[in-house]
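Asks: what shape does this take:
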Amino acid sequence: MRRLSLILAIALFALPLSAATRPYHLELEATPTAPFPFLGKFGNVTLHVYGGGVRAETIWLNGFTRNGAPAVTVMNPLGRMYTDVPIAQISAVLTKLAGNGAGEERMASGTLLKPTAGKVRGIDASRYRIVYGADAWIDVWTTKVIPENQQLRAIVEEFVRGISPGTAAVAKDIPGTPVYVELNFRRFKKLPILKLKSLSFDNVGEEDALKIGPIYIKAPLLDAIWK
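Replies: Numbering: from 1, shown residues only. Purely as a prediction, here's the structure:
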């Protein structure tokens with residue numbers, strides 16, 4: 001009986017651990033250019049989220065960050081240069097890029113409604129609506145089918161804070177991993193800015209995605225690699 005109890009105890013502790021360490025690869029596509037023209041130079045952004053970190057790819061810059069790292073490594077494949085940008089400085093970089101181009105967004109402050117259960121491309125998800133007025137809201141769909149990636153959350157929070165501090169203050173309370181985000185405002189009706197491309201439960205490509213490519217030279221400043 002004592003041996004059986006020990007086996008059961010080990011099994012019970014092992015189950016949550018196995019679930020938490022299950023490999024995955026979430027691929028998302030961000031299209032922020034329409035509502036935020038000052039981000040036009042980046043075009044669409046493909047995000048690869050792994051258990052060990054996050055990689056972003058654009059038409060001319062790539063970047064990655066490993067879980068627990070304080071910075072994002074930004075790379076220019078054409079110039080073979082890279083630099084490290086502290087995550088805590090992302091909002092300041094975006095504010096600088098925006099200039100006067102995000103005036104309305106910086107003043108916006110919404111109210112978070114209770115979630116509604118649903119699915120995004122067949123994946124269990126919850127919709128969190130941030131309401132700004134009778135005809136203005138943002139729908140954020142998140143899922144809990146994979147562990148919440150704290151590195152992705154930190155980057156998203158800084159990104160939103162750089163555009164709309166009031167929205168960031170509300171969105172920080174939304175749990176789960178974002179898989180779909182849609183804007184509904186006077187200028188933008190049913191405009192998706194984040195979409196789920198795929199989700200697989202493996203980590204194929206993770207090692208290469210979260211490291212600097214060969215023959216790269218470190219640049220002292222971010223400006224040096226994106227001009």
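Asks: who does Asp84 form a beta bridge with?
Replies: Using DSSP bridges, the beta-bridge partners of Asp84 come out as Thr73.
Asks: so it is in contact with Thr73, correct?
Replies: Yes: at 5.4 Å, Asp84 counts as touching Thr73 under the criterion of Cβ atoms under 8 Å. Any C-beta I mention is one placed from the backbone N, CA and C, and that applies to glycine too.
Asks: now stretch 188-199: mean pLDDT?
Replies: Across stretch 188-199, pLDDT averages out at 95.
Asks: looking at Asp84 and Thr73, which is more packed in?
Replies: Thr73 (20 against 16; other Cβ atoms under 10 Å).
Asks: what is the end-to-end distance of stretch 169-185?
Replies: Its first and final residues considered, stretch 169-185 spans 19 Å by Cα to Cα, to the nearest Å.
Asks: which residues touch it?
Replies: With Cβ atoms under 8 Å, 6 or more residues apart in numbering as the test, stretch 169-185 has contacts from 26, 28, 35, 49, 109-112, 120-121, 123, 125-126, 128, 130, 132, 135-144, 146, 148-149, 152, 156-157, 160, 190-196.
Asks: just the C-alphas of stretch 149-158, formatted as PDB.
Replies: Presented in PDB, the C-alpha positions along stretch 149-158 are these (Å, rounded to 0.1, in the frame of the first residue of the first chain):
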ATOM      1  CA  ASN A 149       4.700  33.000 -22.300                       C
ATOM      2  CA  GLN A 150       5.900  35.700 -20.000                       C
ATOM      3  CA  GLN A 151       8.400  37.000 -22.600                       C
ATOM      4  CA  LEU A 152       5.700  37.500 -25.100                       C
ATOM      5  CA  ARG A 153       3.500  39.200 -22.500                       C
ATOM      6  CA  ALA A 154       6.300  41.600 -21.500                       C
ATOM      7  CA  ILE A 155       6.900  42.600 -25.100                       C
ATOM      8  CA  VAL A 156       3.200  43.000 -25.900                       C
ATOM      9  CA  GLU A 157       2.700  45.100 -22.800                       C
ATOM     10  CA  GLU A 158       5.600  47.400 -23.700                       C
END
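Asks: mind listing what's buried along the helix or strand encompassing Arg161?
Replies: Element membership of Arg161 [criterion: DSSP states H and E] is helix 150-163. For helix 150-163, the neighbour count (16 or more other Cβ atoms under 10 Å) marks 151-163 as buried.
Asks: list the buried ones in stretch 178-191?
Replies: Within stretch 178-191, judged by 16+ other Cβ under 10 Å, the buried ones are Pro178, Val179, Tyr180, Val181, Glu182, Leu183, Asn184, Phe185.
Asks: what's the spacing between Val93 and Arg187?
Replies: To Arg187, Val93 is 25 Å away according to Cβ to Cβ, to the nearest Å.
Asks: so Val204 makes contact with His48?
Replies: No: with contacts defined as Cβ under 8 Å, Val204 does not count as touching His48, sitting 10.8 Å away.
Asks: might you report the residue contacts of the nearest residue to Gly40 once chain neighbours are set aside?
Replies: In space, and not counting its chain neighbours, Gly40 is closest to Thr33: 4.9 Å by Cβ to Cβ, 6 or more residues apart in numbering. By Cβ under 8 Å, 6+ apart, the contact set of Thr33 is Leu39, Gly40, Phe42, Gly43, Asn44.
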